[in-house]
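*Asks:* any chance you can model this:
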Amino acid sequence: MLRRTFLMFVLGLLIAAPTPVAASGARVDRLEGFGTVLATAMPENFPVASLMRADCSRLIRIERPDGSASEVMDCQLSDEPVMIPAFQGVRPSQAFVLTGGACQWISDYWGNTTGGTVLASSFRYTVTPSGHVHALSEYPAEPLSCE
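*Replies:* Prediction:
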């Protein structure tokens, strides 16, 4: 009886478990080991003293069956300077969160895989005082045309 109850419990868990993304028809791709540039502050005279380079350990892109997609990135701020010295930022003393809407974020996935520019419909990232960056960006099924 105990064995049957345990089997029913396990079967119930399997049925109730969420379907993996790939099994639902979505495509998942992963990039590792690339660099990017991010804001670490948003002063009135942005981008002065606001930008830092970051080394990204991974980016996961999940494209849904309808063509829309999400990208999640994990990065670490770098000590390598940005191209224009006046724009060089510093690590924030407290968590810095930046969010934005359409046409304000460029996909690092497409920039690194095809060299193309694909713009997000929204984004959000957090930079911690230790320099860890976690970013999430969303993309519509039809690429945005931003002018």
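*Asks:* spatially, and excluding backbone neighbours, which residue is closest to Asp29.
*Replies:* Arg61 (4.8 Å; C-beta to C-beta, 6 or more residues apart in numbering). (Each C-beta comes from the backbone N, C-alpha and C, glycine too.)
*Asks:* what's the helix or strand for the one you found?
*Replies:* Secondary-structure assignment from DSSP states H and E places Arg61 in strand 51-63.
*Asks:* one step back: beta partners for the residue nearest to Asp29?
*Replies:* For Arg61, the beta-bridge assignment (DSSP bridges) gives partners Asp29, Glu71.
*Asks:* please report how far the residue nearest the centre of the chain lies from Leu136.
*Replies:* The centroid of the chain falls nearest to Val72 when counting by C-alpha atoms, centre = their mean (2.9 Å). Distance, Val72 to Leu136, using C-beta to C-beta, to the nearest Å: 5 Å.
*Asks:* anything in contact with each of these two?
*Replies:* Counting by C-beta atoms under 8 Å, 6 or more residues apart in numbering, Val72 and Leu136 have no contacts in common.
*Asks:* now for the nearest residue to the residue nearest to the centre of the chain once chain neighbours are set aside, how many residues are close by?
*Replies:* Closest residue in space to Val72, ignoring its immediate chain neighbours: Ile60 at 5.0 Å, by C-beta to C-beta, 6+ apart. Per other C-beta atoms under 10 Å, the neighbour tally for Ile60 reads 16.
*Asks:* ok, which stretches of the chain are strands?
*Replies:* Taking DSSP state E as the test, the strands found in the chain are 27-31, 34-39, 51-63, 69-77, 96-100, 122-127, 132-139.
*Asks:* so, low pLDDT: which residues of the protein?
*Replies:* 1-24 (pLDDT under 70).
*Asks:* just to revisit the earlier point, dump the strands of the chain into CSV; add distance to Ile106 as well.
*Replies:* Shown next, in CSV, are those (distance: least, C-beta to C-beta, whole Å):
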stretch, distance to Ile106
strand 27-31, 14
strand 34-39, 9
strand 51-63, 13
strand 69-77, 11
strand 96-100, 11
strand 122-127, 10
strand 132-139, 9
